[in-house]
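Trainee: model this:
(chains A and B)
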Amino acid sequence: GDSVTQTEGLVTLTKGLPVMLNCTYQTTYSPFLFWYVQHLNEAPKLLLKSSTDNKRTEHQGFYATLHKSSSSFHLQKSSVQLSDSALYFCALSDRSGSWQLIFGSGTQLTVMP
Amino acid sequence: EAAVTQSPRSKVAVTGGKVTLSCHQTNNHDYMYWYRQDTGHGLRLIHYSYVADSTEKGDIPDGYKASRPSQENFSLILELASLSQTAVYFCASSDEQYSGNTLYFGEGSRLIVV
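Mentor: Residues are numbered from 1 along each chain as shown, chains lettered A, B, ... in the order given. As a prediction, this is how the structure comes out:
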C-alpha cells in the first residue's frame, strides 16, 4: 500500500542556516504530495502541495520539488527563522480514486537563536 | 478563513468511561474527518463523513464510533475508553473528496485516559 517516510524525527538548526526535511513516498499511482505545518498548540495547516513532476512549488519562503523518478518531495528553506520552529508533516494522496491522505510520522524542526 | 473548532480541548477520562469529542465547522464543507496523532505515527484517520447522518470507517476505527448529525457537526465517541486511546485527536474538514484537496484542521483535543 501507499506509504510516506520522513527519516528525521528531530532537526535542530541555528537561525539563518538552510534546512532540508526529507520526504519519500511509495505508491503505484500518480501521486499528490503535501507539506503540512503544525506550530505548538495550533492546528496543522497546509504549507504547500504539488502533483507536477520536476516543478518547484513555493510558499512562505519554503519550497519543494516533486521528483517522481526518486519518489521524493523534500521541503527546503534557504534561511530558517525562529518562527519556523514547528512540526512538519509530509502527506500523500494518489489519483486512483483513493483520496485519503497518508501522513508521514513528522519532523520536529527547532530553530535556535 | 476556514474555521474548525473542537471541544473539549483537553480531557482526562477514566478507563472504561465514555468520552465524546465534538467538532464544529463553519466552512460549509461536506467532508469531515477525525484523525489521531501519536508521537512517531503522524496523523491516522479514524472515521470520516461526507454527508449528514452517514459515517465511514478510516484506517483505525476499532474502539471508536462517529456521529454526523448535521453538516456542521461531527463527533467522535469512545464508548469504553482505554489507556491506548490516550492521544491528541484532530478534526478536519474539506470541501471536496479528490486528490489535492486541502484539509482544514481544528486545534486538537488532548485526551488522557487513566
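
Trainee: quick one: low-confidence residue ranges for the chain.
Mentor: You didn't pick a chain, so chain A it is. Counting by pLDDT under 70, the ranges of chain A that qualify are A:95-99.

Trainee: actually, chain B is the one I wanted.
Mentor: Checking chain B against pLDDT under 70 turns up B:1-2, B:97-99.

Trainee: now the longest strand along it: buried residues?
Mentor: Using DSSP state E, we find that the single longest strand of chain B is strand B:42-51. In terms of neighbour count (16 or more other Cβ atoms under 10 Å in any protein chain shown), strand B:42-51 has its buried residues at B:42-50. Every residue, glycine included, has its C-beta placed from N, CA and C.

Trainee: and it, is it in reach of chain A?
Mentor: Yes. Judged by Cβ under 8 Å from any Cβ of the partner chain, strand B:42-51 comes into contact with chain A at B:42-45.

Trainee: distance to A:Ser3 added to the buried residues of strand B:42-51, as CSV?
Mentor: CSV is the format used below for those (distance: Cβ to Cβ, whole Å):
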residue, distance to A:Ser3
B:Gly42, 11
B:Leu43, 14
B:Arg44, 13
B:Leu45, 14
B:Ile46, 19
B:His47, 21
B:Tyr48, 20
B:Ser49, 25
B:Tyr50, 25
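
Trainee: where's B:Gly58 relative to B:Ser67, distance?
Mentor: Distance of B:Gly58 to B:Ser67, given as Cβ to Cβ, to the nearest Å: 15 Å.

Trainee: try B:Ile77
Mentor: Distance, B:Ile77 to B:Ser67, by Cβ to Cβ: 6 Å.

Trainee: swap in A:Val11?
Mentor: In terms of Cβ to Cβ, A:Val11 sits 39 Å off from B:Ser67.
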